[in-house]
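**Q** quick one, structure for this:
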Amino acid sequence: MNPILSIHNLSISFQNQNKANRVVHNVSFEIMPNQIVGVVGESGSGKSVTSMAIMGLLPKQISKVTGTVLYQKISLLELEANQLRKIVGKEISMIFQEPMTSLNPSLTCGEQVSEVLEIHTQLSTKEIEAEVLQLFEKVKLPRAKKMLNQYPHELSGGQKQRVMIAMAIACKPKLLIADEPTTALDVRVQDEIVLLLKELQQETGMSILFITHDLALIAEIANKVVVMQKGKVVEQGNVEQVFLQPKEIYTKALINAKPKLNVRLKELPSVASYIDHNFKEEVYSTKDRAEFHQQIYSKKPLLEIKNLKTYYTSKNNWFATPNVVKGVDDVSFKVYEGETVGLVGESGSGKSTIGRTILGLEKATAGEIWYKGVNLITLSNSQRKKYRQEIQLIFQDPYSSLNPTLKIGEAILEPMVKHKVLENNTKRKEYIYRLLEKVGLEKEHYSRYPHEFSGGQRQRVGIARALALQPKLIICDESVSALDVSVQAQVLNLLNKLKKEFDFTYLFISHDLSIVKFMSDQLIVLNQGKIEEIGDADIIYNQPQKEYTKALIDAIPKGI
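**A** Residues are numbered from 1 along each chain as shown. Okay, the predicted model is just below:
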């Protein structure tokens, strides 16, 4: 069989002023008909740039692409824009990483999928409407007919990704490129999307190029895997061969960077520590954990949530009966000083709402939030100011939470001045320099802007900003979900190291149960605003009592 896509010696450079910066170096691989090929590597390894070059989406003014990209013996790099458009969107289509920024907010979901069919087919308006409805049903969108007239902002993350898939498969493509299509989704939605793509592939016989940083996920979906590092292919072969007998130490490092589910490590191996042979695997014994729990649970709780309810009301119009959405519904738990409490559940389970209600960003409908013996719900805004300093938040997306016009040093300094931390700006700057070094950055980074940092570095800035106010309780809201496995390992290790050094207490919110298990002492499983299960993290993982918890655990990609 001839390959449907053949890439040979692909190199990509970007022009920066008078200097050409090469980001992809002589990449070669093939995709056969009806085959799923996974491309895996850290952020900056060249995965997404390679896919953009295949689709002809790189800006010609600043990029230079050499080598050959053959689609069924047609050289895509030699085609004019109008010729390429006849293939791209119809025979080769793409699912982008972030559906919210890829979908047009001013058009309904139905209109956006219809547009693809209008451009690439001769179908009538009525036939297009019927086809779009059929596509929405095929990608298992609930209430498919209603979804046709809904806008992207009215859909959940998983539903938006299904609309993107419907758009991508509308013209029955022979090759589908999926660029990190499940990164920001919770494990069960991720599992559903992966199963959906496999079903569509078997049904239509299309080939898929699946790009991700998660090797365990690749093992579940792909036939062949291509491992990329710093713009080069370091290893490729069938999935079993690469996973069970990896030749390159970089591949072994990526496999080991994900938290293990069968043991609790004191520290995760980062790719760098694994390659440099600096990593020594240390396991937390049951005795270690029992001693730690005995120590922290002998004190009074730092935070106690009693029968917390946070409800939202919405109206479709002035005369309609208000809809009540129970974001958090009668939740109670305790957090002790020095421990990490994990909140886990699907999107919409109420995890972030609990965090935001504790911070006072959402108004509680009922219940009590006791912090150091004070009920925060009864305090006025001015009375709450003192506690705002002691309870801090590390955001999910560090880029959107940083002001792009402020240097990062100024962004960290600003809340310190507001809360009068230390006597003057000279002392504050010295303190910030030390903080930057503690989170793995350098003194020189004080004067740089957010866009000059990688995703992992920006998250370190977010951590430094939270630490600047010398808090007691830190709420980590999906703080590592958008990072690749290696950077994720570094940030998780850093959070644990800082916790020991500063005696922090964490409320760790995530949809990834493997990460929550690694980080947490106590685990709270949430479902539709209620607590399904609460207890020791290891006990819940090894002996889940509820079907919902079992389903979350089963949905975690296990690899081979």
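
**Q** measure P99 to Q470 for me?
**A** 39 Å (CB to CB, to the nearest Å). Any C-beta I mention is one placed from the backbone N, CA and C, and that applies to glycine too.

**Q** out of those two, which sits in the more crowded spot?
**A** Under the criterion of other CB atoms under 10 Å, the comparison of P99 against Q470 puts P99 first, with 23 against 14.

**Q** wait, isn't the more buried one in contact with M167?
**A** No - judged on CB atoms under 8 Å, P99 makes no contact with M167 at a distance of 9.6 Å.

**Q** now do the contacts for H8.
**A** For H8, the contact set (CB atoms under 8 Å, 6 or more residues apart in numbering) comprises 28, 67-68, 70.

**Q** gap between the residue nearest to L467 when sequence neighbours are not counted and L492?
**A** Distance criterion CB to CB, 6 or more residues apart in numbering; nearest residue to L467, sequence neighbours excluded, is L435 at 5.7 Å. Distance, L435 to L492, by CB to CB: 19 Å.

**Q** now G373
**A** Taking CB to CB as the measure, G373 falls 31 Å from L492.

**Q** mind checking which of those two has more residues around it?
**A** Counted by other CB under 10 Å, G373 and L492 do not tie: L492 has more neighbours, with 22 against 9.

**Q** make sure I have this right: the more buried one is in a helix.
**A** Yes - with DSSP: H, G, I helix; E, B strand; the rest coil as the criterion, L492 is part of a helix.

**Q** please tell me how far it sits from V37.
**A** For L492, the distance to V37 - CB to CB - is 30 Å.

**Q** let me know the closest of the contacts of H8 to I531.
**A** S28 (51.8 Å; CB to CB).

**Q** neighbours of W370, just the number please.
**A** W370, neighbours per other CB under 10 Å, totals 17.

**Q** correct me if wrong: it contacts L302.
**A** No - using CB under 8 Å, W370 is not in contact with L302, being 9.4 Å away.

**Q** touching, S156 and E192? I think so.
**A** No - look at S156 against E192 with CB under 8 Å: they stay out of range, at 11.9 Å.

**Q** shaky segments in the stretch 101-250 of the chain?
**A** Low-confidence segments of the stretch 101-250 of the chain, defined by pLDDT under 70: 184.

**Q** give the contact list for the closest residue to K247 other than its chain neighbours.
**A** Leaving aside its sequence neighbours, K247 sits nearest to E235 (CB to CB, 6+ apart; 5.8 Å). Applying CB under 8 Å, 6+ apart, we find E235 in contact with 226-227, 242, 246-248, 250-251.

**Q** those, buried ones only, as a PyMOL selection?
**A** Only the buried entries of the contacts of E235 go into this PyMOL selection, using 16 or more other CB atoms under 10 Å:
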select buried, resi 226+227+242+246+250+251
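
**Q** for the residue nearest to L467, helix, strand, or coil?
**A** Using three-state DSSP, the structure places L435 in helix.

**Q** how about it, what does it touch?
**A** Residues near L435 by CB under 8 Å, 6+ apart: 412, 464, 467-468.

**Q** and those, which is the shakiest by pLDDT?
**A** The lowest pLDDT within these belongs to L467, with 85.

**Q** tell me the contacts of that one?
**A** Applying CB under 8 Å, 6+ apart to L467 gives the contacts 392, 435, 438-439, 498, 502.

**Q** restrict those to the buried ones and give me that as a PyMOL selection.
**A** Filtering the contacts of L467 down to the buried ones (16+ other CB under 10 Å) takes a single PyMOL command:
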select buried, resi 392+435+438+439+498
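
**Q** what is the nearest of the contacts of L467 to G46?
**A** Taking CB to CB as the measure, G46 lies nearest V439 of the contacts of L467, at 27.0 Å.

**Q** how about the closest one: what's its closest non-neighbour residue?
**A** Nearest-residue entry for V439: R460, 4.3 Å, with adjacent residues in sequence omitted and distances by CB to CB, 6+ apart.

**Q** so that neighbour touches E442, yeah?
**A** No - in this structure, R460 is not within contact of E442 by CB under 8 Å, at 10.8 Å.

**Q** just how off-centre is stretch 379-394 within its chain?
**A** For stretch 379-394, the separation from the chain centroid amounts to 28 Å (computed by CA atoms, centre = their mean, to the nearest Å).

**Q** where in the stretch 301-450 of the chain is pLDDT low?
**A** Using pLDDT under 70, the stretch 301-450 of the chain drops low at 314-321, 397-399.

**Q** report all helices and strands that the strand or helix carrying E127 contacts.
**A** For E127, the host element (DSSP states H and E) is helix 125-138. Secondary-structure packing of helix 125-138 (3 or more CB pairs under 8 Å, 6 or more residues apart in numbering; DSSP states H and E): helix 109-120, helix 144-147, helix 157-169.
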